[in-house]
Each structure stands twice: as structure tokens, then as C-alpha cells.
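Peer 1: Provided below are the primary sequence and the corresponding predicted coordinates.
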Amino acid sequence: MRFLLSVATLVGTIVGVGMFGLPAVTAEAGWLSIALITLIVLPVVALTHLAYAHVVVLTSSRARLPGYAGLWLGRSAKRVAFASQALGLVGSSLAYLVVGGSFLTQFISSVLPIPLWGGVAIFFLAGAILVWRGVKSIARAELVMVGIMLCAIVVLGIAALPSWQSANLAAISFTGTPWRAYGVLIFSLWGMSVIPEVAEVSSRRNLGEVVAGGVICSFLASALFVLIALGVSDGAISADALGSLSMHLGKGVRLFGFGFGVLATFTSYLTLTRVTVDMLRYDFHIGTVASFISATVIPLILLLMGFNDFITVLAITGAVSLGLEGILVMMIEERAVRERPQLKIFHMPSFVRNAVILLLCIGISLELLATIGVL
């Protein structure tokens with residue numbers, strides 16, 4: 001049961017708003033570009049997550065990424081880790097509020113007219129209540145919701161079969177513009193920040209299996225959703241995919257699809273917000289109430305200020321902020337293994353760590369160049 005709770009918490013965090021951005025950026029990047037990016041991103045994400053699980057096992061004290069960075073690499077690394085993870089978590093929570101609130105609004109509107117701000121408010125308040133109750137409550141909720149969510153993808157695929165055409169997949173160009181796809185794909189597979197939470201409901205010795213299973217299950221679920229959405233689309237795919245997908249389905253299936261969207265985004269929003277609370281509490285010794293308010297209210301304020309282009313948020317957050325996290329984790333893991341070799345549970349060759357760091361550095365550079373318009 002503990003293993004299932006752990007995998008559910010990780011999958012529930014990974015499979016979220018990033019998945020809904022994948023069909024649009026896949027069509028934008030083209031099949032060759034997205035295939036090459038996937039071959040790079042999938043092992044990089046798996047290795048960084050395994051490395052972070054190793055750090056958790058090798059560290060006796062309770063912490064989050066900034067705390068681990070400070071313990072193993074020093075105060076400067078702690079500041080960098082806090083900045084990168086804080087930006088990543090805030091950007092992620094912002095994206096979940098934007099898309100999850102939209103999905104919830106469209107779901108409720110089929111029965112009762114409700115403005116967009118109403119859906120966002122309900123999404124926000126429900127998440128805040130569960131986050132306040134704590135990680136065990138979230139883990140149990142994740143197990144139920146992840147099971148429903150994975151079944152929902154299958155049901156959605158079956159419902160979409162009459163409208164699904166392989167010609168729609170063939171119509172997508174072979175090559176295209178890959179820059180946003182890289183960041184969105186990393187974002188869609190990233191759940192590293194929740195690994196310390198996973199350790200609370202799992203044996204630390206099983207963290208490697210939990211991480212590998214969580215990343216693989218999340219990738220397969222996302223890949224299936226991309227094929228469904230693009231196969232039904234007749235050339236026009238909305239940014240969140242469900243909008244265009246729902247146009248080809250009946251009212252009942254459309255309602256089901258938006259319900260699935262709410263579940264997928266809500267599970268990730270829960271755990272990531274909890275991670276932010278714990279980071280502020282454990283690594284910076286901020287009070288529980290102040291940590292809770294900071295973690296929940298800041299993304300909401302940014303949304304109210306007009307930051308609502310979620311594909312751009314995903315791309316920059318994924319490539320830059322999460323890329324920095326991955327680099328730090330590989331450096332921390334190398335130091336922790338060197339100082340506590342008797343506690344290590346697997347061996348990662350130095351050339352593998354260096355290759356991952358190099359690839360993440362290249363990804364950060366390319367995304368920044370694309371953002372300022374050089375690429």
C-alpha cells in the first residue's frame with residue numbers, strides 16, 4: 001500500500017498541466033524534433049529524479065532542495081536552489097491555477113453558468129484546504145484521483161475513436177520549431193520536488209523503484225493523450241488541447257473530458273503547493289501559517305496581475321528553472337555519494353552526471369535565446 005501511495009503521489013504530481021500543453025507544442029515542433037527531444041529529455045528527467053531520491057536516502061536530516069544544497073554544497077548553492085525551486089514551484093502553481101480553473105469553469109458551466117474567476121476561486125480554495133490538512137491526506141487523495149485519471153485517459157481515447165484519424169497525425173510536419181517543446185516536455189515529466197514527500201509515505205530504500213515507475217507511467221499516459229488529441233484534431237489544436245478535443249466529442253464526453261482535466265491539474269496543484277510550504281518551513285524556518293499563505297497566495301496574485309499564457313510559463317519554467325534544479329541535484333548527489341559511500345543504493349558513473357549537466361545547460365541556453373528572440 002505504501003508503494004502505491006508513493007507512486008500515486010509522484011504520478012499525480014507529474015501528470016498535470018504540462019500534459020495538456022504537449023499536443024500543441026508537438027504540432028509546432030514536428031515529429032522529428034519531438035522524437036529527438038523525447039530521447040534526450042526522458043533519460044535526463046529519470047536520472048535527475050533518481051539522483052534526488054539518492055540524495056534523500058543519503059541525508060539523515062529532513063530538508064528540501066535548498067536545504068540539501070546548503071548541507072552538501074554550501075550557502076551560495078542554497079540561495080541558488082531556493083531561487084530556482086521557488087520560481088519553478090510558483091510558475092507551476094500559476095499554470096495549474098490558469099488551466100485547472102478554466103477546466104473547472106467549463107465543467108461546472110455545463111450545469112450552472114459560472115464566470116472564469118468563480119472556477120478559479122473554487123479550484124484555489126479546495127486545494128488550499130487539502131494542503132492545510134497535510135501530506136498524508138494528499139497522498140490518499142492522490143491514490144484515488146490518479147486511478148480515476150488514468151482510467152479517464154483510456155475512456156477519453158475510446159470515446160474519441162470514431163473521430164480519430166491517422167491522417168491527422170500524418171498531416172503534422174516532420175520538422176518545425178522545437179524551442180518551446182523542450183521546456184514543455186521537461187515540465188510535463190517533472191515531479192522531482194515531491195520526492196521528499198514521497199519518502200514520507202514510502203520506504204527510502206524503495207525510492208528508486210518508485211521514481212522509475214512514476215516517470216515511466218507518467219510518460220506513457222502523456223504520450224497516449226498526445227496521440228488522442230492530435231488524432232482527433234483536424235489541424236487546429238488549442239493551447240490546452242482539451243478545448244479543441246472537446247469540439248469533436250458529444251456533450252457527455254466533453255463533460256467527462258473537462259472533469260478529467262480538473263483531476264489531472266488538481267492532483268499536481270495539491271502536492272506542489274505542499275512542497276512549497278514544506279520548503280519554506282524546513283529549509284528557511286518560516287512559520288507554518290506564513291509558509292502556507294506564501295505558497296497559496298503568490299501564484300493567485302500573479303494570475304490576477306495577468307500572467308495567464310500558460311504555454312510560455314511551462315516552457316520557461318521547464319527549461320530554465322527546472323533545468324537549474326536538475327544541475328544542482330546532480331552536483332549534490334555526487335558530493336553526497338563521495339562523503340557517504342557506505343549508504344549509497346546505486347552507482348551513477350561520473351560521465352553520466354556530466355552528460356546530464358551539459359544537456360541541461362544547453363537546454364537553458366537555447367530556451368533563453370529563444371525567449372529573447374535570437375532563435
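Peer 2: Yes, it's here. Numbers count the residues shown, from 1 in each chain.

Peer 1: Identify each of the helices in the stretch 251-375 of the chain and give its residue range.
Peer 2: 251-284, 288-304, 310-316, 322-339, 350-371 (DSSP state H, counting those that start in this stretch).

Peer 1: Turn those helices into JSON lines, including mean neighbour count.
Peer 2: The way it works is simple: take the backbone N, C-alpha and C, and place the C-beta from them, glycine included. Below are those laid out as JSON lines (neighbours: other CB atoms under 10 Å):
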{"stretch": "helix 251-284", "mean neighbour count": "23"}
{"stretch": "helix 288-304", "mean neighbour count": "16"}
{"stretch": "helix 310-316", "mean neighbour count": "23"}
{"stretch": "helix 322-339", "mean neighbour count": "22"}
{"stretch": "helix 350-371", "mean neighbour count": "16"}
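
Peer 1: just so I know, which of the ones you listed lies nearest G127?
Peer 2: helix 251-284 (5.1 Å; CB to CB).

Peer 1: And the closest residue to L302 other than its chain neighbours, how far from F124?
Peer 2: Spatial nearest neighbour of L302, chain neighbours left out: L94 (5.2 Å); criterion: CB to CB, 6 or more residues apart in numbering. As judged by CB to CB, to the nearest Å, L94 and F124 stand 11 Å apart.

Peer 1: doesn't R64 make contact with V275?
Peer 2: Yes. Under the criterion of CB atoms under 8 Å, V275 makes contact with R64 at 6.9 Å.

Peer 1: Neighbours of L220, how many?
Peer 2: Neighbourhood size, L220 [other CB atoms under 10 Å]: 13.

Peer 1: Which residues are in contact with it?
Peer 2: The contact partners of L220, by CB atoms under 8 Å, 6 or more residues apart in numbering, come to none.

Peer 1: pLDDT on the helix or strand where it lies, on average?
Peer 2: Here L220, judged by DSSP states H and E, is contained in helix 207-232. On average, the pLDDT along helix 207-232 is 87.

Peer 1: Repeat that for stretch 38-47.
Peer 2: Here the average pLDDT along stretch 38-47 is 94.

Peer 1: Only the buried residues of it, if you could.
Peer 2: For stretch 38-47, a neighbour-count test (16 or more other CB atoms under 10 Å) marks 38, 40-42, 44-47 as buried.

Peer 1: what does stretch 172-186 give?
Peer 2: 172, 176, 178-186.

Peer 1: helices or strands up against the helix or strand containing G91?
Peer 2: Using DSSP H and E, G91 maps to helix 75-109. If you count contacts as 3 or more CB pairs under 8 Å, 6 or more residues apart in numbering; DSSP states H and E, helix 75-109 packs onto helix 17-29, helix 65-73, helix 116-133, helix 251-284, helix 288-304, helix 310-316, helix 322-339.

Peer 1: Alpha carbons of the third one, as CSV, please.
Peer 2: So that's helix 116-133. This file holds the C-alpha atoms of helix 116-133, laid out as CSV (Å, rounded to 0.1, in the frame of the first residue of the first chain):
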residue,chain,number,x,y,z
LEU,A,116,-14.0,32.1,-15.0
TRP,A,117,-13.0,33.7,-11.7
GLY,A,118,-15.6,31.5,-9.9
GLY,A,119,-14.0,28.3,-11.2
VAL,A,120,-10.5,29.6,-10.3
ALA,A,121,-11.7,30.5,-6.8
ILE,A,122,-13.2,27.1,-6.2
PHE,A,123,-10.1,25.3,-7.5
PHE,A,124,-7.9,27.5,-5.3
LEU,A,125,-10.0,27.1,-2.1
ALA,A,126,-10.4,23.3,-2.5
GLY,A,127,-6.6,23.0,-3.0
ALA,A,128,-5.8,25.2,0.0
ILE,A,129,-8.0,23.2,2.3
LEU,A,130,-6.4,19.9,1.4
VAL,A,131,-2.8,21.3,1.5
TRP,A,132,-3.5,22.7,5.0
ARG,A,133,-4.6,19.2,6.2
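
Peer 1: List the contacts of that helix.
Peer 2: By CB under 8 Å, 6+ apart, helix 116-133 touches 97, 100-108, 137-138, 141, 262, 265-266, 269-270, 273-274, 277, 292, 295-296, 300, 303.

Peer 1: pLDDT averaged over it - what is it?
Peer 2: Mean predicted confidence for helix 116-133 is 87.

Peer 1: got the angle for it vs helix 251-284?
Peer 2: 50 degrees (axes from the mean of the first three to the mean of the last three CA atoms, to 10 degrees).

Peer 1: can you check the last one too?
Peer 2: Here helix 322-339 points in a direction 50 degrees away from that of helix 251-284 (the same axes, to 10 degrees).

Peer 1: Let me know the average pLDDT across helix 322-339.
Peer 2: pLDDT averaged over helix 322-339 gives 93.

Peer 1: helices or strands up against it?
Peer 2: helix 31-58, helix 65-73, helix 75-109, helix 179-189, helix 350-371.

Peer 1: rewinding a little: for the buried residues of stretch 38-47, give me JSON lines that also has distance to L358.
Peer 2: Rendered in JSON lines, the data for the buried residues of stretch 38-47 read as follows (distance: CB to CB, whole Å):
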{"residue": "T38", "distance to L358": "18"}
{"residue": "I40", "distance to L358": "11"}
{"residue": "V41", "distance to L358": "14"}
{"residue": "L42", "distance to L358": "17"}
{"residue": "V44", "distance to L358": "10"}
{"residue": "V45", "distance to L358": "15"}
{"residue": "A46", "distance to L358": "17"}
{"residue": "L47", "distance to L358": "13"}
